[in-house]
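Participant: Got a sequence here, can you build the structure:
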Amino acid sequence: MPVQTFDHTAKGYSVRQAYRMAEAAKLAYEPPDVVEATVRDWGFDRVRHHETTFRPPFPLEDTQAFTAASDDMIITAFRGTEPVKIQDWLSDSTTPPWPGPADKGFIHYGFGEALQSIYPQVRDAIADFLDDGQTIWFTGHSLGGALAALAAMRLNFEEPRLLADGVYTFGQPRVCDRTLADAHDEAFGDRTHRFVNNNDIVAQVPPEPAFHHVRTLHYIDSDGRLRDRVSTLGGLADRAKGLTADAFAPASDGVRDHLMDRYLEGLRKNLD
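Facilitator: Numbering: from 1, shown residues only. Okay, here's the model as predicted:
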């Protein structure tokens, strides 16, 4: 089905807007020249790239994102990482917590390091591009989803003039403790939209009860249907169905479900 890539005047939540944000999240994996050519085709006339590198023993090699702007809309998309790498990293509960934005709660230490390394660039790009009341959007897949969610929280609590109009994440891990999750939900929970595709393994780490997801969930079930509400028992049954769908490789379902292309496929099925 053909999809108009971006409506720069969009407001609020829609599946079509989720699909557009998913395309931007996937684009964050591409090299800068591809990003620039694509966002210009989408109608954005300004783009800025953000990148930092890390030294061992930090488990990431770098953190990358881009910010694109038009006269009506600004989008920042964060790049993710491989599912096995982030699963192993976030399953490690020995790292100390990192203070949350405006000292509200705590986040995983690795998220804190990664976000701090790139946040000043992102904040400055949005502030520079915001010259005509544009809406502000964040998106990302995997680790990129976590950084998108936390960057939006940080802007909300520390930079009130740069409030996000929408945050769309795909296969995002748990990002924070209960205190910060509750503060987020009270402040702008209706603007954050977290998508989980069936058995996506990354959405299940870091472990509870130390870490929590924010409230709003959009769940793509084993049949590809998008659900905005799912009971605990219903969700468990559907995840079990997804695990048994491939009788030859049930254990790989959680990794396959994490792929960005799976999210795009699921969202395409649910477009009007």
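Participant: His49 falls within a strand, correct?
Facilitator: Yes. According to DSSP: H, G, I helix; E, B strand; the rest coil, His49 belongs to a strand.
Participant: pretty sure it contacts Pro32?
Facilitator: Yes. With contact defined as Cβ atoms under 8 Å, His49 reaches Pro32; the gap is 5.1 Å. From N, CA and C alone the C-beta is placed, and that goes for glycine too.
Participant: Name the helix or strand for Trp137, please.
Facilitator: Element membership of Trp137, judged by DSSP states H and E, is strand 135-141.
Participant: circling back: shared neighbours, His49 and Pro32?
Facilitator: Phe66 (Cβ atoms under 8 Å, 6 or more residues apart in numbering).
Participant: If you count contacts, what does the strand holding Trp137 end up packed against?
Facilitator: helix 15-27, strand 73-78, helix 143-158, strand 166-170 (3 or more Cβ pairs under 8 Å, 6 or more residues apart in numbering; DSSP states H and E).
Participant: Going by neighbour count, list what's buried in that strand.
Facilitator: 135-141 (16 or more other Cβ atoms under 10 Å).
Participant: Parallel or antiparallel, which strands does that strand pair with?
Facilitator: strand 73-78 (parallel), strand 166-170 (parallel) (DSSP bridges).
Participant: Name the stretch among these that sits most buried.
Facilitator: strand 166-170 (a mean of 31; mean count of other Cβ atoms under 10 Å).
Participant: and that strand, what's its mean pLDDT?
Facilitator: Mean per-residue pLDDT for strand 166-170: 98.
Participant: what's the next secondary structure element after it?
Facilitator: Next along from strand 166-170, by DSSP H and E: helix 178-188.
Participant: helices or strands up against that following helix?
Facilitator: Against helix 178-188 (3+ Cβ pairs under 8 Å, 6+ apart) you get strand 106-107, helix 143-158.
Participant: what pLDDT does the residue nearest to Leu162 when sequence neighbours are not counted get?
Facilitator: With Cβ to Cβ, 6 or more residues apart in numbering as the criterion, Leu162 has its nearest non-adjacent residue at 4.7 Å, and that residue is Leu155. Listed pLDDT for Leu155 reads 95.
Participant: what do you get for Phe58?
Facilitator: For Phe58, pLDDT reads 65.
Participant: that older thread, could you identify which of the helices and strands packed on helix 178-188 is most buried?
Facilitator: Of those, helix 143-158 is the most buried (mean count of other Cβ under 10 Å), at a mean of 26.
Participant: CA atoms only for it - export them in CSV, please.
Facilitator: The C-alpha coordinates for helix 143-158 follow below in CSV (Å, rounded to 0.1, in the frame of the first residue of the first chain):
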residue,chain,number,x,y,z
LEU,A,143,18.5,1.4,22.0
GLY,A,144,17.5,4.3,19.8
GLY,A,145,14.0,4.1,21.2
ALA,A,146,15.3,4.2,24.7
LEU,A,147,17.4,7.3,23.9
ALA,A,148,14.4,9.0,22.2
ALA,A,149,12.2,8.4,25.2
LEU,A,150,14.9,9.7,27.6
ALA,A,151,15.8,12.7,25.5
ALA,A,152,12.1,13.7,25.4
MET,A,153,11.9,13.4,29.2
ARG,A,154,15.0,15.4,29.6
LEU,A,155,13.7,18.2,27.4
ASN,A,156,10.3,18.1,29.2
PHE,A,157,11.8,18.4,32.7
GLU,A,158,14.8,20.6,32.0
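Participant: Understood, closing this out.
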